[in-house]
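Chemist: Sequence and predicted structure are below.
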Amino acid sequence: MQYPLLRLRRFRKNDTIRKAMRDISIRPENFIQPLFVHPGDEDQEIPTLPGVKRISIKNVKSYLERVKNAKIPSVLIFPIPHDKEKDKSASVCVDPNGSPAEIISKAAEVKDLNIMVDLCLCPYTDHGHCGLINEKKEEIENDSTLEILGKSAVTLAKAGADWVAPSGMMDGMVKYIRQYLDDENLIDTAIMSYSIKFASGFYGPFRDAAHSSPSFSDRKTYQMDYASEKQISLELEQDIQEGADAVMVKPSLMYLDVIQKIKGLCDLPIAAYQVSGEYAMIKAAHEKNLVNEREAFEEIMYALRRAGTDWIISYYALEYLEGL
Ligand code: PBG
């Protein structure tokens with residue numbers, strides 16, 4: 001009766017069998033590299049995100065060439081505007097002459113790279129919320145926000161974005177954006193929706209990097225409650241019906257069950273976003289010699305793939321692949 005035990009032993013010990021049993025892989029095509037780009041002259045360090053910089057528009061092309069050399073097919077760009085461009089209606093994100101459009105058109109000069117752009121209002125509003133605010137009630141106005149998102153999608157697609165990635169969790173955003181794009185005949189521009197985005201405590205370093213912390217209250221009225229499982233399929237269904245081309249789960253490691261669940265519910269590409277807090281935690285643990293960052297990141301990436309992730313959005317992607 002020892003036979004099955006010894007068989008498993010051989011599976012682990014015998015290199016050929018071990019390789020044959022490896023059915024989960026990570027390839028460069030499984031990554032999307034997120035990056036922050038700003039209109040100033042110099043790259044800027046981000047103290048809360050060691051190893052990540054706000055890249056100057058002047059250096060963005062050479063950075064993107066590095067991404068291409070590592071065979072990562074796509075980037076997700078977060079344009080960071082000048083502080084003076086922020087206002088209460090996020091007007092810079094619909095402006096063809098604003099810095100977000102300028103950043104995207106510069107990036108799009110790099111050929112054979114899939115340019116995705118985050119589509120939200122929070123980096124562009126002076127109050128830092130993802131939507132317009134009804135000033136009396138200090139409430140997010142869903143419908144007027146949709147109009148700006150639609151116009152911003154058109155502006156950024158015309159500037160050269162291949163994909164827009166709405167992250168603001170407004171209801172109906174995918175449908176509105178699709179309509180605006182189609183009306184301008186931008187029928188090849190695809191939409192990756194941040195479909196399952198939780199109100200998470202792990203976005204802190206990002207808000208520091210993007211200067212997008214809300215100046216009052218929090219994002220719980222529009223981001224999802226992690227204490228509800230029922231909402232997951234409802235949010236997913238809505239985005240699919242409205243025309244999303246790819247869906248996303250965010251954050252990643254705490255939500256492997258969610259990734260696995262939606263894998264069973266839809267056949268669209270599934271992205272998982274390893275967010276700033278997840279990244280910074282590992283970097284900090286590495287600094288303190290508690291874990292080896294390379295090993296930790298790799299183990300998590302395999303876990304994400306095993307759960308059903310097609311595209312891993314990770315600040316560590318380029319560093320990981322360049323170090324192989
Ligand atoms: C903007 C946006 C956020 C992130 C991606 N897009 C911040 C937020 O929702 O507060 C977070 C990404 C990260 O933490 O790395 N809506």
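Modeler: Cool, the structure landed.
Chemist: Tell me where this structure has strands.
Modeler: In the chain, the segments counted as strands under DSSP state E are 31-38, 44-45, 53-56, 74-79, 114-119, 132-134, 139-141, 163-166, 190-197, 246-250, 270-274, 311-314.
Chemist: Redo the ones you listed as TSV? Include mean pLDDT, distance to Ser212 and mean neighbour count.
Modeler: From N, CA and C alone the C-beta is placed, and that goes for glycine too. Output for the strands of the chain, formatted as TSV (pLDDT from 0 to 100; distance: least, Cβ to Cβ, whole Å; neighbours: other Cβ atoms under 10 Å):
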stretch	mean pLDDT	distance to Ser212	mean neighbour count
strand 31-38	98	11	25
strand 44-45	96	15	12
strand 53-56	98	12	20
strand 74-79	98	9	24
strand 114-119	98	10	24
strand 132-134	92	14	18
strand 139-141	91	14	17
strand 163-166	98	15	26
strand 190-197	97	14	25
strand 246-250	98	15	25
strand 270-274	98	15	26
strand 311-314	98	17	24
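Chemist: quick one, what contacts the residue in the stretch 101-250 of the chain positioned nearest to the ligand?
Modeler: Nearest residue of the stretch 101-250 of the chain to the ligand (Cβ to the nearest ligand atom) works out as Phe206 at 3.1 Å. Going by Cβ atoms under 8 Å, 6 or more residues apart in numbering, Phe206 touches 49, 212, 275-277.
Chemist: same question, Glu102
Modeler: 39, 57, 159.
Chemist: sorry, back to before: right, and the pair among the contacts of Phe206 with maximum separation?
Modeler: Using Cβ to Cβ, the contacts of Phe206 span at most 14.4 Å, a distance reached by Ser212 and Gly277.
Chemist: When those two are compared, which one has more neighbours?
Modeler: Each of Ser212 and Gly277 has its neighbours counted (other Cβ atoms under 10 Å); Ser212 has more, 21 against 17.
Chemist: what about the longest helix in the protein?
Modeler: Taking DSSP state H as the criterion, the chain has its longest helix at helix 142-159.
Chemist: Give me the distance between that helix and the centre of its chain.
Modeler: 18 Å (Cα atoms, centre = their mean, to the nearest Å).
Chemist: Just the C-alphas of that helix, formatted as PDB.
Modeler: Extracted C-alpha coordinates of helix 142-159, given in PDB (Å, rounded to 0.1, in the frame of the first residue of the first chain):
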ATOM      1  CA  ASN A 142     -23.000  59.100 -11.500                       C
ATOM      2  CA  ASP A 143     -24.600  60.300 -14.700                       C
ATOM      3  CA  SER A 144     -22.700  63.500 -15.300                       C
ATOM      4  CA  THR A 145     -19.500  61.600 -14.600                       C
ATOM      5  CA  LEU A 146     -20.400  59.100 -17.400                       C
ATOM      6  CA  GLU A 147     -20.400  61.900 -19.900                       C
ATOM      7  CA  ILE A 148     -16.900  63.000 -19.000                       C
ATOM      8  CA  LEU A 149     -15.600  59.400 -19.100                       C
ATOM      9  CA  GLY A 150     -17.100  59.000 -22.600                       C
ATOM     10  CA  LYS A 151     -15.500  62.200 -23.800                       C
ATOM     11  CA  SER A 152     -12.200  61.400 -22.100                       C
ATOM     12  CA  ALA A 153     -12.200  57.900 -23.800                       C
ATOM     13  CA  VAL A 154     -12.600  59.600 -27.200                       C
ATOM     14  CA  THR A 155      -9.800  62.100 -26.500                       C
ATOM     15  CA  LEU A 156      -7.400  59.400 -25.300                       C
ATOM     16  CA  ALA A 157      -8.200  57.000 -28.000                       C
ATOM     17  CA  LYS A 158      -7.700  59.700 -30.700                       C
ATOM     18  CA  ALA A 159      -4.400  60.400 -29.000                       C
END
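Chemist: Pull out the buried residues from that helix.
Modeler: 142, 145-146, 148-159 (16 or more other Cβ atoms under 10 Å).
Chemist: Contacts for it, please.
Modeler: Residues contacting helix 142-159 (Cβ under 8 Å, 6+ apart): 89-90, 93-96, 98, 100-102, 104-105, 108, 117, 119-121, 130-132, 164, 166, 168, 170-173, 176-177, 179-181, 184, 186, 189.
Chemist: go with 6 Å
Modeler: 90, 93-94, 96, 101, 104-105, 117, 119, 131-132, 164, 170-173, 176-177, 180-181, 184, 186, 189 (Cβ atoms under 6 Å, 6 or more residues apart in numbering).
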